[in-house]
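Colleague: Got a sequence here, can you model it:
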Amino acid sequence: MKVPRPKTTITIATIAVVILLSLWMALGYAVVYIALSPHPGEVPAEITLGGLQADNVAFTAEDGVNLSAWWLGKNTDRAVILLSGISADRRQGKSKAEIFLQEGFDVLLPDLRGTGRSDPALVTIGWNERRDLKACFDHMRERGYKHIGAYGLSLGAATIAYSFKEIPDFAFVVLESCYDTMTSAMNNRLDIVHIPHFVAWPVLFWGEHKIGVSMKELQPVDFMPYCKAPALIISGDAERVLTEAETRSLYEHCGSSLKRVHIFKNGTHSHLHKESPQEYRQTLKEFIQEVAAQWK
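Modeller: Just a heads-up that it's a prediction; the model follows:
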């Protein structure tokens, strides 16, 4: 039997390493491609919520992305913009819309870029979606609203955080299940399937390339000091994709003089309003009423 020469062995090993690294990078790219790809949906142009017929409205973000949304209300002086989580569209906010309508708020439920009826642009985990939120805010200002708040779930919550520098005059904000840093969001998901954190390096690399921003900037917690609006920050203590400590860190870094944090016992990601409906409604309504009392 012929024994391989040292140079041949080194060559084979080098080729094997190159192949493994290439597969590692390719897998990372595939994960990013799937995560950031648009998720258009068959959203009806009109629906009825809280006894009101929704109007389908359209406007454009500053980077040219066309957005579609439902508007419901009675042309009051107060309104809220409801932002959905990743892969979801405006329909995710219907139950929240009914609560706000009952409290005398008008509502805008947009499809963020890459979802629903809006342009199938790249999903960017909240970074470029902040441009969508700015377009929503400007649209509501043009409608004459004096008090405009924003409620975001997960990606939608991160979207609000990233917008604090550009929209300093929110009437209030509600951040539900918001990640504190993109690194935490990634590591928590790896922990669920017991995969070492270093395995995600290609995902972070390609994510930066696709979104066009360093992962060091994708940290909602760093934007919280710019939040001067009344803020309610909520999550569940049983969420697997984020920790209670992350929620409390967002609260601690929040620059608002009126801020509240609420952790739902046994609450899981995106299901707080279903798992603890009474506690959820009470927490949200008390905050809304506390904020609105300052406008009288």
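Colleague: what about the nearest residue to Ser256 once chain neighbours are set aside, neighbour count?
Modeller: Counting by CB to CB, 6 or more residues apart in numbering, the nearest residue to Ser256 once its immediate chain neighbours are dropped is Ala231, at 4.7 Å. C-betas here are computed from N, CA, C, even on glycine. Around Ala231 there are 27 other residues, counting by other CB atoms under 10 Å.
Colleague: Any stretches of the stretch 1-150 of the chain with poor pLDDT?
Modeller: Applying pLDDT under 70 to the predicted model, the residue ranges of the stretch 1-150 of the chain that meet it are 1-6.
Colleague: could you pull out the helices for it?
Modeller: Residue ranges of the helices in the stretch 1-150 of the chain, as given by DSSP state H, counting those that start in this stretch, are 6-36, 94-102, 129-142.
Colleague: among those helices, which is nearest Ala69?
Modeller: Each of the helices of the stretch 1-150 of the chain was scored for nearness to Ala69 using CB to CB, and the closest is helix 129-142 (7.0 Å).
Colleague: Now tell me what touches that closest one from outside.
Modeller: Residues external to helix 129-142 that are found in contact with it (CB atoms under 8 Å, 6 or more residues apart in numbering): 57, 59-63, 65, 67, 69, 79, 81, 83, 108, 110, 112-113, 118, 123, 148, 150, 155-156, 159-160, 162-163, 166-167, 170.
Colleague: Drop anything exposed from these.
Modeller: Taking 16 or more other CB atoms under 10 Å as the criterion, what is buried in those is 59, 61, 65, 67, 69, 79, 81, 83, 108, 110, 112-113, 118, 123, 148, 150, 155-156, 159-160, 162-163, 167, 170.
Colleague: Quickly find the element holding the residue nearest to His197 when sequence neighbours are not counted.
Modeller: Counting by CB to CB, 6+ apart, His197 lies nearest to Asn187, which is 5.1 Å off, once chain neighbours are set aside. Taking DSSP states H and E as the definition, one finds Asn187 inside helix 182-192.
Colleague: what comes into contact with that helix?
Modeller: Applying CB under 8 Å, 6+ apart, the external contacts of helix 182-192 come out as 125, 179, 196-197, 199-200, 203-204, 207, 215, 218-219, 240-243, 246.
Colleague: Would you agree the residue nearest to Ser256 is in contact with Lys259?
Modeller: Yes - counting by CB atoms under 8 Å, Lys259 is a contact partner of Ala231 at 4.5 Å.
Colleague: what sits in contact with each of those two?
Modeller: Taking CB under 8 Å, 6+ apart as the criterion, Ala231 and Lys259 both touch Tyr251.
Colleague: just to revisit the earlier point, taking the buried ones among the contacts of helix 129-142 one by one, which sit in strands?
Modeller: Taking DSSP state E as the definition of strands, the buried ones among the contacts of helix 129-142 contribute 59, 67, 69, 79, 81, 83, 108, 110, 148, 150.
Colleague: Go through the residues you listed and name the one nearest Leu175.
Modeller: Comparing those against Leu175 with CB to CB places Ala150 closest, at 9.1 Å.
Colleague: and the closest one, what are its bridge partners?
Modeller: Residues in a beta bridge with Ala150, per DSSP bridges, are Ile81, Val173.
Colleague: Report the separation between it and Ser184.
Modeller: Between Ala150 and Ser184 the distance, using CB to CB, to the nearest Å, works out to 22 Å.
Colleague: picking that back up, OK, contacts around the residue nearest to Ser256?
Modeller: In this structure, Ala231 makes contact with 172-175, 251, 254, 256, 258-260, judged by CB under 8 Å, 6+ apart.
Colleague: Excluding covalently adjacent residues, which one is nearest to the residue nearest the centre of the chain?
Modeller: With the centre of the chain defined as its mean C-alpha position, the nearest residue by CA atoms, centre = their mean is Leu155, 1.3 Å away. Spatial nearest neighbour of Leu155, excluding adjacent residues (CB to CB, 6+ apart): Ile86 at 4.3 Å.
Colleague: Measure how buried the one you found is and give me the count.
Modeller: That count, for Ile86 with other CB under 10 Å as the rule, works out to 20.
Colleague: Name the residues of stretch 226-241 that are buried.
Modeller: Under 16+ other CB under 10 Å, the buried positions of stretch 226-241 are 226-227, 229-236, 239, 241.
Colleague: got it, and stretch 137-144?
Modeller: Burial within stretch 137-144, assessed by neighbour count using 16+ other CB under 10 Å, is assigned to 137, 139-140.
Colleague: Over to stretch 111-128?
Modeller: Of the residues in stretch 111-128, those buried under the neighbour-count criterion (16+ other CB under 10 Å) are 111-119, 121, 123-128.
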